[in-house]
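Asks: Coordinates for the following, if possible.
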Amino acid sequence: MQDVQKRSGLSRHLWATYIVSVILLGFIWYFQWVFGLVLTCVLAAVLYYSIQTEYRRQKETAQYIATLSHRVKRVGEEALLEMPLGILLYNESNHIEWANPYMNQFMDNDTLVGHSLNALADDLASKIQENTNELWLEIDGYHFQVIIRKDERLLYFFDRTVQSKLESRYYDEQTVIGIIFLDNYEEITQSMDDTLKSQLNSKVTGILNSWSNDYGIYLKRISQDRFLGVFSKETLEQLEKVKFSILDEVRELNAEQNLTITLSIGIGDGDNQLPDLGESAQSSLDLALGRGGDQVVIKDDAGKVRFYGGRTNPMEKRTRVRARVISHALRDLVQGSDNVIIMGHKAPDMDAFGAAIGILNIAKASNVEGYVVFDPDDVDTGVHRLVDKLKEDEDLWSHFVDPDESEALITSRSLVVVVDTHKPSMVAHEDLLDMADYKVVIDHHRRAEEFVEDPTLVYMEPYASSTAELVTELLEYQPEKLKLKMLEATALLAGIIVDTKSFTLRTGSRTFDAASYLRSKGADTVLVQRLMKEDLDVYIQRSRLIERSEIYYDTIAIAKGEPGAAYGSVLIAQTADTLLTMSGINASFVITERSDGRIGVSARSLGDVNVQVVMEQMNGGGHLTNAATQLADTTIDETDALLKDILENYFTGGE
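Replies: Below is the predicted model:
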């Protein structure tokens, strides 16, 4: 029966139906043979028709399947050989065994077979061995997404050139907003008549308009000293390649006209909405001005900041009006607080210690308890001598607490004052910043990317010689309810003298005014000299460091400590200062190992070299003429090589 079923091509269900019909037909023959005969003829005719129909249907199906298989096979061959899709097989030695015609077009001899995978792209063979199933390659201007099948040693090359160009175009055409500020414009134009002011505006505006036309920047003046610039990401990259030469053009104009105007530019960059870009540009400008102006600050959507310019010594822009306003605002904050907790940076120097003592006097003058956070295990020799003097004054010394004790003093209305730094990572006890709701920052360093979060009051003047100078000016505008003690005045004066190298660096007229005020309050200059005396062993160590120095770029002195020998931060700073006093030296760098295992670099200059810019590229910071950094997981020689590369780029303008 199965053979008949196969030959007839009838389905199993149809045969079952006929079998049942034959059985029923047999019963009919038995009872009514005439009627059975008729039904038999009818059943035979239906069976014949069904077999023919089923056979014809199966034949048509087989023919359709055969045709479809041929078409599918042909499509597969075309996809393999003619479609713009690269397919490549390689052997265990990373040589090409077979490639479809699409891939062969990238070889001069029309075939890739037998060549190494590296013939297509450098290091392609090694990249394939990495733990990845996908990579991107550029071949003869085409951008490919390569899918890797390591088990089959098979590569698929998908052409993504159009997609890559669209992505590149989208990236290049992203909107960038810049705010351009004319530094010192108001101060300069105050004494000018209308003619001179008009000439100045015409020349500066002419330079900026020419610059904007050259780079395709939309420039709009929004106030006397501000311009708004809108341009693309591609233009920003061009400006970065020339390191914003517009800064130099404006500075050169100043030299010709004996003016002091410079430019500060804040730029908001990234894939953000326009309001966010505007806020980012304003934040960047604030940072540029906080660092002394004459520079460009670029902040992207990830919060990363890039700096350009800032190589000149900032002109003094602060006024006594601002000092008086800050002094009154600080007094109001102090009077509204339960207590005032003051701290400088780790390993405090004379400037930080003197400034802290000055703020303590402001708190006491307002009848508010004040405390200075002091770690006795984290001070240098000079400060130790000052501490010994403070201990002789029981009333003054009672206001000094260690970091752990300071936490117990914090209340919801405590005021934390940070002096001589603005970086949370550098303060004497960082946890206090998180615990306090009200914070004040007083500093003379150029503002860095890292900053105390949500300060209530900020007094940052990079034009000041020291934080002690700033605090002295604040004291001048405080009601004289409590007279400065001799030791307090001496500590402030010591801070000024140390940071100015005895009034030789970063010294302005306001510096001498502050020193004169402190002297009138009883500051003892002889005691300052005693506090600043050094040990003979320290002098010998410094001399040995100087002996190991070398001259780089004719005017740069670089001294390296002995490997395995630990040096204190004060010692290497003093060594850098001493090198700067040598004839023909404009900048000095001292590289040594520290007791904590890191490599310390101390940098000094006379102003011709902005050592802050150099140190920032080594994750450090500081001032134009005074900066430093500490590096982990490196050696003295590696740090020396890195420093020389940065100096090379600094002097030659390299990338």
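
Asks: So which residues of the stretch 201-350 of the chain form strands?
Replies: Remark: strands assigned in the stretch 201-350 of the chain by DSSP state E, counting those that start in this stretch are 218-223, 226-232, 262-268, 295-299, 305-309, 339-343.

Asks: and these, which one is worst for confidence?
Replies: Set side by side, those give their lowest mean pLDDT on strand 305-309, at a mean of 82.

Asks: Give me the contacts around it.
Replies: Residues from elsewhere that reach strand 305-309 (Cβ atoms under 8 Å, 6 or more residues apart in numbering): 240, 243-244, 247, 284, 287, 291, 294-299, 449, 613, 616. The way it works is simple: take the backbone N, C-alpha and C, and place the C-beta from them, glycine included.

Asks: Give me the residue ranges of the stretch 201-350 of the chain where confidence is low.
Replies: Scanning the stretch 201-350 of the chain for pLDDT under 70 picks out 254-260, 311-319.

Asks: same thing but at 80, please
Replies: In the predicted model, the stretch 201-350 of the chain carries pLDDT under 80 at residues 252-261, 287, 289-292, 301-304, 310-322.

Asks: where along the stretch 501-650 of the chain do the helices fall?
Replies: With helices called from DSSP state H, counting those that start in this stretch, the stretch 501-650 of the chain shows them at 509-520, 525-531, 536-547, 569-580, 611-616, 636-652.

Asks: neighbours of the residue nearest to Ile87 when sequence neighbours are not counted, just the number please.
Replies: Among residues not flanking Ile87 along the chain, Asn100 sits closest, at 4.6 Å (Cβ to Cβ, 6 or more residues apart in numbering). Using other Cβ atoms under 10 Å, Asn100 is surrounded by 18 other residues.

Asks: So which of the strands of the stretch 201-350 of the chain is nearest Ile147?
Replies: strand 226-232 (33.6 Å; Cβ to Cβ).

Asks: ok, residues contacting the closest one?
Replies: By Cβ under 8 Å, 6+ apart, strand 226-232 touches 172-182, 208, 212, 215-222, 265.

Asks: run the last query once more with 10 Å
Replies: When contacts are defined by Cβ atoms under 10 Å, 6 or more residues apart in numbering, strand 226-232 is touched by residues 171-182, 185, 204-205, 208-209, 211-212, 215-222, 235, 238-239, 263, 265, 267, 274, 277-278, 281, 285.

Asks: Next, the nearest residue to Gly36 once chain neighbours are set aside: secondary structure please.
Replies: Residue nearest to Gly36 in three dimensions, not counting chain neighbours: Trp29, with 3.5 Å by Cβ to Cβ, 6+ apart. Here Trp29 is recorded as helix under DSSP: H, G, I helix; E, B strand; the rest coil.

Asks: And the pLDDT for Trp29?
Replies: 73.

Asks: which residues touch it?
Replies: Phe35, Gly36, Leu37, Leu39, Thr40.

Asks: related to what we said a few turns ago, can you redo the helices of the stretch 501-650 of the chain as a markdown table, where the extra columns are mean neighbour count?
Replies: Conversion of the helices of the stretch 501-650 of the chain to a markdown table gives the following (neighbours: other Cβ atoms under 10 Å):
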| stretch | mean neighbour count |
| --- | --- |
| helix 509-520 | 18 |
| helix 525-531 | 15 |
| helix 536-547 | 14 |
| helix 569-580 | 22 |
| helix 611-616 | 24 |
| helix 636-652 | 16 |
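
Asks: Switch those helices over to JSON lines; also include distance to Leu484 and mean pLDDT.
Replies: Shown next, in JSON lines, are those (distance: least, Cβ to Cβ, whole Å; pLDDT from 0 to 100):
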{"stretch": "helix 509-520", "distance to Leu484": "8", "mean pLDDT": "91"}
{"stretch": "helix 525-531", "distance to Leu484": "14", "mean pLDDT": "88"}
{"stretch": "helix 536-547", "distance to Leu484": "31", "mean pLDDT": "87"}
{"stretch": "helix 569-580", "distance to Leu484": "27", "mean pLDDT": "87"}
{"stretch": "helix 611-616", "distance to Leu484": "32", "mean pLDDT": "87"}
{"stretch": "helix 636-652", "distance to Leu484": "43", "mean pLDDT": "90"}
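
Asks: Which one, of those, ends up nearest to Ala559?
Replies: The closest of the helices of the stretch 501-650 of the chain to Ala559 is helix 536-547. By Cβ to Cβ, the value is 5.1 Å.

Asks: distance between the closest one and the chain's centre?
Replies: With Cα atoms, centre = their mean, to the nearest Å as the basis, helix 536-547 stands 38 Å off its chain's centre.

Asks: got a list of contacts for it?
Replies: Residues outside helix 536-547 that contact it (Cβ under 10 Å, 6+ apart): 380-381, 534-535, 557, 559-562, 565, 567-568, 570-572, 574-579, 582, 588, 590-592.

Asks: And stretch 191-211, by the same measure?
Replies: In contact with stretch 191-211 (Cβ under 10 Å, 6+ apart) are residues 180, 182, 185, 188-190, 217, 219, 221, 224-225, 227, 229, 239, 244-246, 249-250, 252-254, 256-257, 259, 261, 263.
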